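K.L.:
Sharing a model prediction with you, sequence too.
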Amino acid sequence: MPTYTLAAPVSAEIDIRKSRFIAWALPVADRDSAMRELERLHTEHPAATHICWALLAGGQSGMSDDGEPSGTAGRPILEVLRHHEVDGVLAAVVRYYGGIKLGAGGLVRAYTDAIATAMQLAERIERIERGLMGIEMDYADEARVRRWIEQNAAELMETAYGMTVRFVMRLPAAAREAAAAELRDLTNGRATVELQS
């Protein structure tokens with residue numbers, strides 16, 4: 001069963017009884033990149049009353065009410081992400097308090113509506129797990145291997161030149177075994193290919 005993430009970050013803003021709720025849905029690789037995005041939001045919104053969030057990223061889920069009453073922000077945001085069946089997504093809602101208390105039910109509705117509005121604007125794409133593969137080859141094979149990388153939408157991450165040429169590339173994890181066999185054939189068995197975690 002495929003998993004989905006977002007094609008690009010999306011944002012939406014709603015006003016409820018003078019409070020501003022700015023929702024962000026951001027594709028992220030993991031918890032570390034999600035925390036960097038949250039730091040950026042805190043920097044961009046230093047006067048915000050709360051920045052509540054939820055994260056679904058494989059086994060690295062999490063949520064925060066950021067000072068709102070327990071269960072009124074992080075959990076509703078997380079439920080919206082689950083409803084949209086996404087992974088690798090950070091959902092955050094920046095709240096500027098407008099002076100009128102909303103009550104627990106009002107807060108749940110406000111945070112749910114804010115992130116749901118952003119998610120309706122989001123384009124879901126299939127999330128493909130990617131992995132690294134190293135290849136060591138003779139200089140004579142470099143041009144052929146570079147052409148293979150371009151034609152197969154692999155991403156060249158590192159290049160090292162010594163007695164041989166060494167590439168590290170990123171490509172869909174499920175395609176690595178077949179790619180390794182193709183590259184060995186392409187170089188008539190001269191290249192050494194290794195799958196990396």
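P.N.:
Yep, that arrived. Residues are numbered from 1 along each chain as shown.
K.L.:
C-alpha only now, for contacts and for neighbours.
P.N.:
Noted.
K.L.:
Surely Leu132 touches Arg170?
P.N.:
Yes - if you go by CA atoms under 8 Å, Leu132 and Arg170 touch, sitting 4.5 Å apart.
K.L.:
tell me which residues of stretch 187-197 are tucked away?
P.N.:
Thr187, Ala191, Val193 (16 or more other CA atoms under 10 Å).
K.L.:
cool, and stretch 5-14?
P.N.:
Thr5, Leu6, Pro9, Val10, Ser11, Ala12, Glu13, Ile14.
K.L.:
okay, the residues you listed in CSV with distance to Arg40, secondary structure and pLDDT next?
P.N.:
As requested, these are arranged in CSV below (distance: CA to CA, whole Å; DSSP: H, G, I helix; E, B strand; the rest coil; pLDDT from 0 to 100):
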residue, distance to Arg40, secondary structure, pLDDT
Thr5, 21, strand, 84
Leu6, 19, strand, 83
Pro9, 14, coil, 87
Val10, 15, strand, 88
Ser11, 14, strand, 90
Ala12, 17, strand, 90
Glu13, 18, strand, 91
Ile14, 21, strand, 90
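K.L.:
now those residues as a markdown table including distance to Glu142?
P.N.:
Below are those laid out as a markdown table (distance: CA to CA, whole Å):
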| residue | distance to Glu142 |
| --- | --- |
| Thr5 | 34 |
| Leu6 | 35 |
| Pro9 | 37 |
| Val10 | 40 |
| Ser11 | 44 |
| Ala12 | 47 |
| Glu13 | 51 |
| Ile14 | 54 |
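K.L.:
per-residue confidence at the spatially most central residue of the chain?
P.N.:
Against the mean C-alpha coordinate of the chain, by CA atoms, centre = their mean, the closest residue is Val28 at 2.0 Å. For Val28, the pLDDT comes out at 86.
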